[in-house]
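Visitor: I would like to see how this sequence folds:
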Amino acid sequence: METTGLNSSSTHVLQVRLWAPPELLRTLRDGLVRIGGPTRARRECRHYGVYQSTVDPEELMLLAEWSSREALESSIRSEDFRVVLSAMDASTREPHFQVETVGSTEGFECVAGILGHDER
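Guide: Numbers count the residues shown, from 1 in each chain. Predicted coordinates:
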C-alpha cells in the first residue's frame, strides 16, 4: 500500500492532555482555542484542534500536527506556546505531554486491504 502525505520524511504530532474543574477548563480551553488561528496559519501546521472529553468533563486535549521537526520546534519556541505551558501548569492532575514522530501514513486503502475489499 502506498503512503500519503507530503514528501517530508516524517510528521510530528503533539498531544497535550490536562484536567481542571469545569469553570477553569472553560478558561483554559478558550486560551488554547484563541491561539489556534495563528498556529494553523503557520505554513507547516497540518492540524491544530482543542477537544473536550465526552467521558471526563474535566479533561481537555490539544492535538497539533506538524510536517517537520523544525516546524514543531518553532511552534514550541513561539510566544503562543506559553499559553499551552500555562494551561499545563493549571492542570489539577499531572498533564500528559507527548510528541509522536510518524514515518508513514495510509488512507482508507489500509482498511480496504485489511478487509480484502477493492479500494473505492
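
Visitor: for this protein, what spans make up the helices?
Guide: Under the criterion DSSP state H, helices of the chain are mapped to 22-34, 36-41, 69-77, 81-90, 109-115.

Visitor: Which strands or helices does the fourth one pack on?
Guide: Right, the one you point to is helix 81-90. strand 11-19, helix 22-34, strand 59-66 (3 or more Cβ pairs under 8 Å, 6 or more residues apart in numbering; DSSP states H and E). Placement of C-beta: from N, CA and C, glycine included.

Visitor: so what strands line up beside the last one?
Guide: Spelled out, that is strand 59-66. Strand 59-66 pairs in its sheet with strand 11-19 (antiparallel), strand 45-52 (antiparallel), by DSSP bridges.

Visitor: Those: which one's closest to S68?
Guide: Taking Cβ to Cβ, strand 11-19 is the member of those nearest to S68, at 7.1 Å.

Visitor: With only the CA atoms kept, save that closest one in CSV.
Guide: Extracted C-alpha coordinates of strand 11-19, given in CSV (Å, rounded to 0.1, in the frame of the first residue of the first chain):
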residue,chain,number,x,y,z
THR,A,11,5.1,14.0,10.6
HIS,A,12,5.3,15.2,14.2
VAL,A,13,2.1,15.0,16.3
LEU,A,14,1.9,16.9,19.6
GLN,A,15,-0.7,15.8,22.2
VAL,A,16,-1.3,17.6,25.4
ARG,A,17,-4.0,16.4,27.9
LEU,A,18,-4.9,18.3,31.0
TRP,A,19,-7.6,18.4,33.7
